[in-house]
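K.L.:
Prediction below, plus the sequence it came from.
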Amino acid sequence: MIFVRTAYRVRAYPAPEQAAQLGRTFGCVRLVWNKTLAERHRAYHAHGKKTSYKETDAALTAWKKTDELAFLSEVSSVPLQQTLRHQHTAYANFFAGRARYPRFKPRNGRQSAHYTRSAFRLRGGKLTLAKHTAPLEFVWSWDDETLETLNPTMVIVSREPD
């Protein structure tokens, strides 16, 4: 049996409150990526030690308990965990010779947050994300596919610099 993965790109129109919450989420995802990357870089160059996903996950939990990074608890933990998973894969690909060394994420580039199935709900043409109060409205432009037949495993919300 062959499974085909299909991706659909839609345009969302968030309300100002939703745009602010998404902006906080994008900022937290970028902060976690960059802080974890710096820690991994420091550990590898100082001790020659590779950092595991479990260690980065424990570090994220510790960061959320500090006063200066307590705001990480205000956004959904799923995009933050996905960031750690993506970085772990990026390092594995680098050490296997399949990719370049992971880079820091700039503030003015493409921003994204990955929500797995446990952190979103798609009903009635509206997308509800974890820790968001109101559903996010979007425009569906594929006539041959209906939203009711889809069963997505992941939703990637992104903001392009343009």
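P.N.:
Cool, got the structure. Numbering: from 1, shown residues only.
K.L.:
mind listing the helices for this protein?
P.N.:
16-47, 53-64, 77-95 (DSSP state H).
K.L.:
Tabulate those helices (a markdown table), appending mean pLDDT and mean neighbour count.
P.N.:
C-betas here are computed from N, CA, C, even on glycine. Listed next are these as a markdown table, based on pLDDT from 0 to 100; neighbours: other Cβ atoms under 10 Å:
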| stretch | mean pLDDT | mean neighbour count |
| --- | --- | --- |
| helix 16-47 | 95 | 16 |
| helix 53-64 | 96 | 15 |
| helix 77-95 | 95 | 18 |
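K.L.:
Asn93 reaches Ala99, doesn't it?
P.N.:
Yes: applying Cβ atoms under 8 Å, one finds Asn93 in contact with Ala99, separated by 3.9 Å.
K.L.:
Now distance to Tyr115 too, for the helices of the chain, in JSON lines please.
P.N.:
Formatted as JSON lines, the helices of the chain follow (distance: least, Cβ to Cβ, whole Å):
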{"stretch": "helix 16-47", "distance to Tyr115": "9"}
{"stretch": "helix 53-64", "distance to Tyr115": "17"}
{"stretch": "helix 77-95", "distance to Tyr115": "6"}
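K.L.:
Relative to His132, which of those helices is closest?
P.N.:
For those, proximity to His132 was assessed by Cβ to Cβ; helix 16-47 is nearest, at 5.8 Å.
K.L.:
In terms of secondary structure, what does the closest one contact?
P.N.:
When contacts are defined as 3 or more Cβ pairs under 8 Å, 6 or more residues apart in numbering; DSSP states H and E, helix 16-47 sits against helix 53-64, helix 77-95, strand 111-116, strand 154-159.
K.L.:
Val75: neighbour count?
P.N.:
A count of neighbours around Val75, defined by other Cβ atoms under 10 Å, yields 23.
K.L.:
Quick check: the gap between it and Pro161.
P.N.:
Using Cβ to Cβ, to the nearest Å, we find Val75 at a distance of 21 Å from Pro161.
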